[in-house]
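Visitor: Please work out how this folds:
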Amino acid sequence: MPLTVLVIVGSVRTDRIGIRAARFLIAQLEARGHVAPLVDPAELKLPLLDRMYKEYPAGTAPEPLQRLAELFRRADAFLVVTAEYNHGVPPALSNTLDHFLEEYFWRPSAICCYSAGQFGGVRAAMPLRAMLAEMGMSSIPSLLPVPRLHKVIDAQGVPTEPWLATAAARFLDELEWHAEALRDRRQRGTPY
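Guide: Model prediction:
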């Protein structure tokens with residue numbers, strides 16, 4: 001059965017390169033028969049968090065939040081593509097994620113981290129992993145770090161180095177396993 005895996009890109013910078021990784025991963029997920037909508041804070045233009053989606057009276061949340069909540073509830077998994085800003089999570093990513101909570105429960109997440117340098121954004125992945133777990137979408141054990149992203153994936157999301165397809169295949173195999181297992185358990189009920 002196809003999965004719905006939301007790909008959330010974390011950077012909103014004008015010259016961002018993370019969108020390349022998002023395009024690559026969406027293509028990989030779709031090639032496996034999955035639905036992989038892009039969640040892009042640059043397009044959503046959410047305000048800085050004032051109220052979470054759940055804090056609005058029913059039917060009064062701003063349209064982008066309502067649309068996102070419905071999309072998040074349909075998700076089987078979340079794949080977060082994050083840059084590393086000062087060894088941490090990009091503010092646009094944190095802001096986007098913080099607007100929701102229950103919509104994440106009992107669904108796995110996976111982290112693709114990247115940088116223009118050699119470490120591939122792994123320093124941002126560690127605090128992000130803790131954040132995702134606290135929100136109810138624990139991340140799978142593996143990461144997909146992509147160092148020197150601007151050299152490894154072109155602007156259309158096509159990898160230029162063969163190691164990336166191999167690493168991504170294993171990473172997505174793991175995400176599929178967790179997503180299928182948790183989807184099965186959600187269908188039988190959750191602890192709360």
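Visitor: Distance from the chain centre to the longest helix seen in the chain, please.
Guide: Longest helix in the chain by number of residues, with DSSP state H as the criterion: helix 162-187. Helix 162-187 has its C-alpha centroid displaced from the chain centroid by 13 Å (Cα atoms, centre = their mean, to the nearest Å).
Visitor: Can you list the buried residues in it?
Guide: Neighbour counts using 16 or more other Cβ atoms under 10 Å place 164, 167-168, 171-172, 174-176, 178-179, 182-183 of helix 162-187 among the buried residues. Placement of C-beta: from N, CA and C, glycine included.
Visitor: average model confidence for it?
Guide: Mean pLDDT, computed over helix 162-187, is 97.
Visitor: Over to stretch 143-151?
Guide: So the average pLDDT for stretch 143-151 ends up being 97.
Visitor: Stretch 24-31 now?
Guide: Mean predicted confidence for stretch 24-31 is 98.
Visitor: Which positions within that stretch qualify as buried?
Guide: 24-29.
Visitor: For the residue positioned nearest the centre of the chain, name its beta-bridge partners.
Guide: Centroid check for the chain by Cα atoms, centre = their mean gives residue 80 as the closest residue, at 2.1 Å. Using DSSP bridges, the bridge partners assigned to residue 80 are residue 8, residue 111.
Visitor: residues in contact with residue 2?
Guide: 33-35 (Cβ atoms under 8 Å, 6 or more residues apart in numbering).
Visitor: you'd agree residue 80 is up against residue 112?
Guide: Yes: counting by Cβ atoms under 8 Å, residue 80 touches residue 112, with 7.1 Å between them.
Visitor: returning to what we had before: please narrow the buried residues of stretch 24-31 to those residing in helices.
Guide: 24-29.
Visitor: where does the residue of the chain positioned farthest from its centre fall, phi/psi-wise?
Guide: The C-alpha centroid of the chain is most remote from residue 57, which lies 27.2 Å away (Cα atoms, centre = their mean). Note on residue 57: backbone dihedrals following degrees, to the nearest 10 are phi -60, psi 150.
Visitor: which ones are touching the nearest residue to residue 98 once chain neighbours are set aside?
Guide: Using Cβ to Cβ, 6 or more residues apart in numbering and skipping residues adjacent in sequence, the residue nearest residue 98 is residue 49, 5.0 Å away. Taking Cβ under 8 Å, 6+ apart, we find residue 49 in contact with 95, 98-99.
Visitor: Tabulate the residues you listed (JSON lines), appending secondary structure.
Guide: Converted to JSON lines, the contacts of residue 49 look like this (DSSP: H, G, I helix; E, B strand; the rest coil):
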{"residue": "95", "secondary structure": "helix"}
{"residue": "98", "secondary structure": "helix"}
{"residue": "99", "secondary structure": "coil"}
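Visitor: of all the residues you listed, which comes closest to residue 9?
Guide: Residue 9 lies nearest to residue 95 out of the contacts of residue 49, by Cβ to Cβ, at 13.1 Å.
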